[in-house]
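**Student:** Below is the sequence, then the predicted model.
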Amino acid sequence: MIYIASDHAWFEMKNKIIDYLKNKKIKFEDIWPYEYVEDDDYPDYIIPCAEKVTEDLEHNLWIILWGSWQGEAIAANKIIWIRAVVYYWWNKEIIKLSKLHNNSNILSLWARFIEENELIEIIKLWLETEFIDKWKHLKRIEKISHYENKKC
């Protein structure tokens with residue numbers, strides 16, 4: 001399941017991404033918001049949505065479409081088992097590596113600097129890239145998870 005959410009800065013663009021997912025017959029759920037809210041606060045959406053991803057870590061992914069993208073990734077990464085990554089618009093390879101090496105499950109995108117065609121390209125790249133279950137990458141993720149579990 002692909003979850004998708006946005007703030008006011010991405011509200012209109014979210015519908016274009018939903019159209020893309022529908023056309024590709026990718027199963028998704030539009031989580032939030034359902035109407036434009038100019039002064040929304042991202043932690044109110046991010047934390048419950050990130051928790052939703054953890055309900056099925058093998059199959060759930062989440063695309064965050066937010067105005068600033070940094071705070072949203074920070075908030076999402078407070079949830080155990082979440083590996084939210086940020087796309088810096090000048091290097092698409094980072095998106096691929098975030099899945100190959102880190103098995104990222106949340107993609108955070110910056111609304112103010114990405115054009116629609118690039119956005120779709122990035123989402124497609126991220127969704128199509130699979131985690132390389134190599135020992136060294138799995139070992140690193142397990143070390144992070146072990147630390148998270150100690151703190152809970």
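**Tutor:** Yep, that arrived. Residues are numbered from 1 along each chain as shown.
**Student:** Only C-alpha atoms from now on, for both contacts and neighbour counts.
**Tutor:** Noted.
**Student:** can you pull out the strands in this protein?
**Tutor:** 2-6, 28-32, 61-66, 84-86, 106-110 (DSSP state E).
**Student:** now for these, which one comes closest to Pro48?
**Tutor:** Nearest to Pro48, of all those, is strand 28-32, at 9.8 Å by C-alpha to C-alpha.
**Student:** centre of the chain versus the closest one, how much separation?
**Tutor:** 12 Å (C-alpha atoms, centre = their mean, to the nearest Å).
**Student:** Report all helices and strands that that strand contacts.
**Tutor:** On a contact count with 3 or more C-alpha pairs under 8 Å, 6 or more residues apart in numbering; DSSP states H and E, strand 28-32 meets strand 2-6.
**Student:** so where's the chain uncertain?
**Tutor:** 67-68, 111, 151-152 (pLDDT under 70).
**Student:** can you pull the buried residues of stretch 93-100?
**Tutor:** For stretch 93-100, the buried set under the neighbour-count rule, 16 or more other C-alpha atoms under 10 Å, comprises 94-100.
**Student:** Which of these fall within helices?
**Tutor:** 94-100 (DSSP state H).
**Student:** Spatially, which two of the residues you listed are the most separated?
**Tutor:** Taking C-alpha to C-alpha, no two of those sit farther apart than Ile94 and Leu100, at 9.7 Å.
**Student:** now the helix of greatest length in the chain, how far from the centre of its chain.
**Tutor:** Among the elements of the chain assigned as helix by DSSP H, the one spanning the most residues is helix 135-151. In this view, helix 135-151 has its centroid 20 Å away from the chain centroid, taken as C-alpha atoms, centre = their mean.
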